[in-house]
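> Sequence first, predicted model second:
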Amino acid sequence: MDSKEQEQNQYLMANIHNKELIKKGAFINGEWLETSESNRTFAVKDPATGELIATLPDLSLNEVDHAIRCADKTFQDNYKNTLPRQRSQWLLKLYELMLENIEDLAKIITLENGKSLADSTSEVKYAASYFQWYSEEAPRIYGATIQPSISTNRVFTIRQPVGVCAVICPWNFPSAMITRKAAAALATGCTVVVKPDHETPLSALALAALVEKAGFPPGAFNVIISGTRTSEIGTRLCESSLIKKLSFTGSTRVGKILMKQSSSNIKKLSLELGGNAPFIVFEDADVEKAVDQLILCKFRGLGQTCVCANRVYVQTKILDNFVSMLKEKVSAFKIGHGLLKETTHGCLINKQTLEKVEKHKKDAIEKGAKVILGGGPLPDLGPTFYEPCILSNVPKNALVSKEETFGPLCPIFTFDTMQEVIKAANDTEFGLASYVFSKNINTVFKMAESLEAGMVSCNTGIFSDSAVPFGGIKESGFGREGSLYGIEDYTVVKTINVGTL
Ligand code: SIN
């Protein structure tokens, strides 16, 4: 390592207490690969300052293949036959280790992703909770006994681990999107090859350091990293016949490519893709509560979540009250570097994300939206800082009603009738999260049943929980992660038919 690289890593070193969490390479078969055979490296930068925080090996496809083979060998040789109770203990240990290291893990997320420390700390708790949840599920994987039509036969089913799972994760939750997938996989007896986003690989490597400590066998949990070969690696993971399942969280565009590539060997898939969540507030709702919940939902991670409100529908009668309360509360945000104590909201991940927010904002204003809170770039803080923007009277034909913004733009549409808002809310190819606010139980049920979304959250803007099934419909993908259903995604049902008794 040259002196410049040492300097970069000192930046990370100065902020992280447990130095064992700072890793400099991929994690394959229980070993740290600090230099790639390609001799190439890639940089990880703090999005808030642009400062280099780590230089990591850019893995070759050979090294990716090696990771896949190791994961397969571990699966075949021992992991699939480990006792569920044993897997449960490893998972529980991992949960405890994450909580013991919560401050450092949160700082790593903030340094590589830019979100505020409060957001990162919640993410670590959320991420760790998947290991706790699946440590409890591991010994409770059941089959069924079935009454066949043939009297001399007896039929029952068992659930078996699907095999090696590829886990491809985004940058917006550098820890939780890995644990949501890996916890269920490891609980059921699958081994995993994790590919974190090139902008946020450090949380995945810190997690691997804890996996090692928790006692999982080498090869059960592998992390491959690359800054330049994302699409080639994606293809490799899809086309490898040793990988039996792929779980991806990311854009619908990439999800479609992965689905196509996975058809070559009919791979089992879970795809958690883009969203365009409607957030609907009826005039009989508790308006202050709806505003507070909208803020939590919309501005978590500065709007860089698939489940955050993308379109806010407010019934006309309460619009003025709603908008003035929202404006006052959002104006109180403190935007800054995520590590600073006073910061409530950090920065965006990169300039492209900022440009998309700007594009949606300008488009809506050009088409007639009213500016409630101007927002916009904050170049004095850094190139990726953005002050939240609130628009009202947003017209139906604005880009933001069709596309996911993935940033701190809060567009408010108005509606008069329930039929009208159901039609507008469902007028999208996406179907991930949706939100309804009303004190009327009939309205709540009618809306919950009518909204075309995998998840409907009623009178709350935050529902993410390891106990809760997470997933979409339509072009937001398929599969359910977390909860009891997460087990189904990582197992296959085998029918055992005993005949001629
Ligand atoms: C996402 O938006 O990508 C995940 C959000 C969550 O799990 O709460």
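Alright, I've got the coordinates.
> got the residues of the stretch 251-400 of the chain near the ligand?
Contact residues of the stretch 251-400 of the chain with respect to the ligand, defined by CB under 6 Å from any ligand atom, are listed as T305, C306, V307. C-beta here means a position set from N, CA and C on the backbone, and glycine is covered the same way.
> What residues does the closest residue in space to the second one that isn't next to it in sequence make contact with?
To tie it back to what came earlier, the one meant is C306. For C306, the nearest residue in space outside its immediate sequence neighbours is G275; the separation is 4.4 Å by CB to CB, 6 or more residues apart in numbering. With contact taken as CB atoms under 8 Å, 6 or more residues apart in numbering, G275 is in contact with C306, V307, C308, N310, E404, F430, L432, A433, G472, S476.
> about what we covered before: pipe the residues of the stretch 251-400 of the chain next to the ligand into a markdown table and attach secondary structure and pLDDT per row.
Supplementary listing: these in a markdown table, determined by DSSP: H, G, I helix; E, B strand; the rest coil; pLDDT from 0 to 100:
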| residue | secondary structure | pLDDT |
| --- | --- | --- |
| T305 | coil | 98 |
| C306 | coil | 98 |
| V307 | coil | 98 |
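> okay, now the domains of the protein?
The record's domain parsing of the chain by automatic domain parsing lists 3-273, 277-471.
> number of nearby residues for whichever residue of the stretch 351-500 of the chain sits closest to the ligand?
Residue of the stretch 351-500 of the chain nearest the ligand, by CB to the nearest ligand atom: S464 (3.2 Å). For S464, the count of nearby residues is 20 (other CB atoms under 10 Å).
> Assess the claim that it and E481 are in contact.
No: in terms of CB atoms under 8 Å, S464 does not count as a neighbour of E481; the distance is 10.7 Å.
> Now for those two: what residues contact both?
With the criterion set as CB under 8 Å, 6+ apart, the overlap between the contacts of S464 and E481 is F470.
> the strands in the stretch 351-500 of the chain, which residues?
Defined through DSSP state E, counting those that start in this stretch, the strands belonging to the stretch 351-500 of the chain, from first to last, are 370-373, 376-377, 386-387, 389-392, 409-415, 433-437, 455-458, 477-478, 491-498.
> Also the stretch 201-350 of the chain?
Assigned strands in the stretch 201-350 of the chain, in chain order: 221-223, 243-249, 268-272, 277-281, 309-315 (criterion: DSSP E, counting those that start in this stretch).
> now the second one, how far from the chain's geometric center?
Shown here is strand 243-249, whose average C-alpha point lies 14 Å from the average C-alpha point of the whole chain (CA atoms, centre = their mean, to the nearest Å).
> Likewise for the third one?
Mean-position distance between strand 268-272 and its chain equals 13 Å (CA atoms, centre = their mean).
> Now do that strand, average pLDDT.
Over the span of strand 268-272, the pLDDT mean works out to 98.
> now for that strand, which elements pack on it?
The helices and strands touching strand 268-272, judged by 3 or more CB pairs under 8 Å, 6 or more residues apart in numbering; DSSP states H and E, are strand 243-249, helix 252-262, strand 477-478.
> Tell me which of these lies nearest to K329.
strand 243-249 (29.5 Å; CB to CB).
> ok, residues contacting that closest one?
Outside of strand 243-249, the residues within contact range by CB under 8 Å, 6+ apart are 68, 162-170, 173, 177, 181, 185, 190, 193, 237-238, 254-255, 258, 262, 267-273, 306, 479, 481, 489-490.
> what do you get if the cut-off is 6 Å, keeping everything else the same?
Around strand 243-249, the neighbours that count as contacts under CB atoms under 6 Å, 6 or more residues apart in numbering are 162-168, 170, 177, 181, 237, 255, 258, 262, 267-272.
> ditto for stretch 188-203
67-68, 71, 74-75, 79-80, 108-109, 112-113, 161-162, 164-171, 174-175, 178, 182, 185, 204, 220-225, 227, 233, 490-491.
> repeat for stretch 177-187
Defining contact as CB under 6 Å, 6+ apart, one finds that stretch 177-187 is touched by 87, 127, 130-131, 134, 137-138, 165, 167, 169-170, 192, 194, 204, 247, 249, 481-482, 486, 490.
> which of the residues you listed come close to the ligand?
Residues of these in contact with the ligand (CB under 6 Å from any ligand atom): T249.
> Which of the contacts of stretch 177-187 fall within helices?
The subset of the contacts of stretch 177-187 located in helices under the criterion DSSP state H comprises R87, A127, Y130, F131, Y134, E137, A204, G486.
> Save those residues as JSON lines, and put in neighbour count, pLDDT and distance to I422 too.
Output for those, formatted as JSON lines (neighbours: other CB atoms under 10 Å; pLDDT from 0 to 100; distance: CB to CB, whole Å):
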{"residue": "R87", "neighbour count": "22", "pLDDT": "98", "distance to I422": "44"}
{"residue": "A127", "neighbour count": "27", "pLDDT": "98", "distance to I422": "35"}
{"residue": "Y130", "neighbour count": "30", "pLDDT": "98", "distance to I422": "33"}
{"residue": "F131", "neighbour count": "29", "pLDDT": "98", "distance to I422": "39"}
{"residue": "Y134", "neighbour count": "29", "pLDDT": "98", "distance to I422": "36"}
{"residue": "E137", "neighbour count": "21", "pLDDT": "98", "distance to I422": "35"}
{"residue": "A204", "neighbour count": "27", "pLDDT": "98", "distance to I422": "40"}
{"residue": "G486", "neighbour count": "29", "pLDDT": "96", "distance to I422": "30"}
